[in-house]
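A.B. asks: my questions are about this predicted structure, shown below with the sequence.
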Amino acid sequence: MNKKKSTFLIIAIIAICFFIYIFKGNFNKGDYSQTYYDLNTVSQITLYNVKKSDSEKILKECGNILLNIDNTMSKTREYSEVSQINQKAGEEYIKVSDETFKVIKTAIHFSDISNGVFDISIGPIVDLWGIGTDNAKVPNKEEIQEKLALVNYKNISLNEENKSVKLNKKGMEIDLGGIAKGYTADKLAQYLREQNVDSAIINLGGNVFTLGEKAKDTPFKVGIQDPTSEDGTSIGNISVSDKSVVTSGIYERYLEQDGVIYHHMIDPSTGYPFENNLSSVTIISSSSLVGDGLSTTTFGLGLEKGMKLIESLDNTDAIFITKDKKVYTTSNLKGKLNLKNKNFKLMN
């Protein structure tokens, strides 16, 4: 064999080996999911087109991230940072992690832009109602008035220098339930990107984050839940890539007494569930932390004020569904909502 033929043969063998390696690598890839039970909800993370060995390690670490945030930010876990802040209310500052400090600071920002419609110091009122727990009840007016005196986000003091938090009145409690899942979804998405995962869907009990596309040139289709249905059916869907889709609705948790339904989203100014014509609000944004805070905020503001707020924000859109089954979208979503349920009417 001459030198030229020998060189050609070596190149051919290398090329064949390379294509076999690539083929086997892609052949071994698939879609893998894991279900978790943290943050008071059932969550599911699905990875697309990844190796099984990689998926096992990645999904396990996702579970660790969920558990760590739950242990840090849950008000029901005795030794969490939030519980420590609540236990020392009216007494002293509590030093917290950068993560908890960021979430609390962001929550206060949403309080500022909504004039207190969103307020994490709602904790005492949430406990009083107990909606979603075995102790759910409709409190009397005297009980509500007593606890309302403890609700005011302006009585949350932050020390930027050493990342510490203090509640200025004894008996105050903060509850990050309206925003912590959003932070968690962003954290998980960041971790998946660091692991070179190009396509995934994170579903934290209705708080959805779509990482990349489901397949090449194929965005994810995220269903918009029918707020009048308890079985999770949707009124339609929206196609998104690298977006957070967060919904707050009256169907999530509620208490029914004497024929009256009381949903879990409490108005900090009255101590009772928000009263307006909305049944749900869905926020589409690049950040799930932002989406989580805004979904509750805009629900409380109502259709007109909520729409005005979202239209004023960059890279943020919303879908509002009213109790009379009318659907309103922000201007950037015009023509993008695939409405399939004929019982609902798209108004713009």
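C.D. replies: Now that the structure is in, tell me what you want to look at.

A.B. asks: quick one, helices of the stretch 101-250 of the chain?
C.D. replies: For the stretch 101-250 of the chain, the helices defined by DSSP state H, counting those that start in this stretch occupy 123-129, 141-148, 180-194.

A.B. asks: any chance you could give me the last one in CSV, C-alpha atoms only?
C.D. replies: If I follow you right, that is helix 180-194. Provided in CSV are the C-alpha atoms of helix 180-194 (Å, rounded to 0.1, in the frame of the first residue of the first chain):
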residue,chain,number,x,y,z
ALA,A,180,-41.1,31.9,45.7
LYS,A,181,-42.1,29.4,43.0
GLY,A,182,-41.3,32.0,40.4
TYR,A,183,-37.8,32.4,41.8
THR,A,184,-37.4,28.7,42.0
ALA,A,185,-38.4,28.2,38.3
ASP,A,186,-35.7,30.8,37.3
LYS,A,187,-33.1,29.1,39.4
LEU,A,188,-33.9,25.7,37.9
ALA,A,189,-33.8,27.1,34.4
GLN,A,190,-30.4,28.7,35.1
TYR,A,191,-29.1,25.4,36.4
LEU,A,192,-30.3,23.5,33.3
ARG,A,193,-28.6,26.0,31.0
GLU,A,194,-25.4,25.5,32.9
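
A.B. asks: pLDDT (mean, whole number) over that helix?
C.D. replies: Throughout helix 180-194, pLDDT has a mean value of 97.

A.B. asks: buried stuff in it?
C.D. replies: For helix 180-194, burial by neighbour count (16 or more other CB atoms under 10 Å) applies to 180, 181, 182, 183, 184, 185, 186, 187, 188, 189, 192. To be clear about C-beta, it is placed using only N, CA and C from the backbone, and glycine gets the same treatment.

A.B. asks: pretty sure the fourth one contacts residue 288?
C.D. replies: Yes: when contacts are counted by CB atoms under 8 Å, residue 183 is listed as touching residue 288 (7.4 Å).

A.B. asks: just the element for residue 91, please.
C.D. replies: Assessed by DSSP states H and E, residue 91 sits outside every helix and strand.

A.B. asks: re earlier: to residue 34, which of the helices of the stretch 101-250 of the chain lies closest?
C.D. replies: Proximity to residue 34 (CB to CB) singles out helix 180-194 among these, at 11.4 Å.

A.B. asks: double-check residue 139 against residue 128; I have them as touching.
C.D. replies: Yes: under the criterion of CB under 8 Å, residue 139 makes contact with residue 128 at 4.8 Å.

A.B. asks: intersection of neighbour lists for those two?
C.D. replies: residue 271 (CB atoms under 8 Å, 6 or more residues apart in numbering).

A.B. asks: of those two, which one has the most company?
C.D. replies: Taking neighbours as other CB atoms under 10 Å, residue 139 and residue 128 compare with residue 128 leading, 20 against 17.

A.B. asks: next, the contact list for the closest residue to residue 131 other than its chain neighbours, please.
C.D. replies: Leaving aside its sequence neighbours, residue 131 sits nearest to residue 264 (CB to CB, 6 or more residues apart in numbering; 4.4 Å). Neighbouring residues of residue 264 by CB under 8 Å, 6+ apart: 129, 131, 132, 252, 253, 254, 273.

A.B. asks: at 10 Å what do you get?
C.D. replies: 126, 129-132, 136, 177-178, 248-250, 252-255, 273 (CB atoms under 10 Å, 6 or more residues apart in numbering).

A.B. asks: what do you get for residue 263?
C.D. replies: Counting by CB under 10 Å, 6+ apart, residue 263 has contacts 131, 248-255, 273-274, 279, 299.

A.B. asks: circling back to that earlier point, inside strands: which ones of the contacts of residue 264?
C.D. replies: 248, 249, 254, 255 (DSSP state E).

A.B. asks: number of residues surrounding the first one?
C.D. replies: Under the neighbour criterion other CB under 10 Å, residue 248 is assigned a count of 26.

A.B. asks: from now on call the first residue 36
C.D. replies: Taking 36 as the first residue, the last one we looked at is residue 283.

A.B. asks: name the element the closest residue to it other than its chain neighbours belongs to?
C.D. replies: Using CB to CB, 6+ apart and skipping the chain neighbours, the partner closest in space to residue 283 is residue 330 (4.0 Å). Following DSSP H and E, one finds residue 330 within helix 323-336.

A.B. asks: with residue 92 instead?
C.D. replies: Counting by DSSP H and E, the element that carries residue 92 is helix 87-108.

A.B. asks: go through the strand or helix carrying residue 80 and flag the buried ones.
C.D. replies: Per DSSP H and E: residue 80 is located in strand 76-86. Residues of strand 76-86 classed as buried: 76, 78, 80, 81, 82, 83, 84, 85, 86 (neighbour count, 16+ other CB under 10 Å).

A.B. asks: next: stretch 340-353.
C.D. replies: Neighbour-count burial for stretch 340-353 [16+ other CB under 10 Å]: 340, 341, 342, 344, 345, 351, 352, 353.

A.B. asks: got it, and stretch 116-125?
C.D. replies: Applying 16+ other CB under 10 Å to stretch 116-125 flags 116, 117, 118, 120, 121, 124 as buried.
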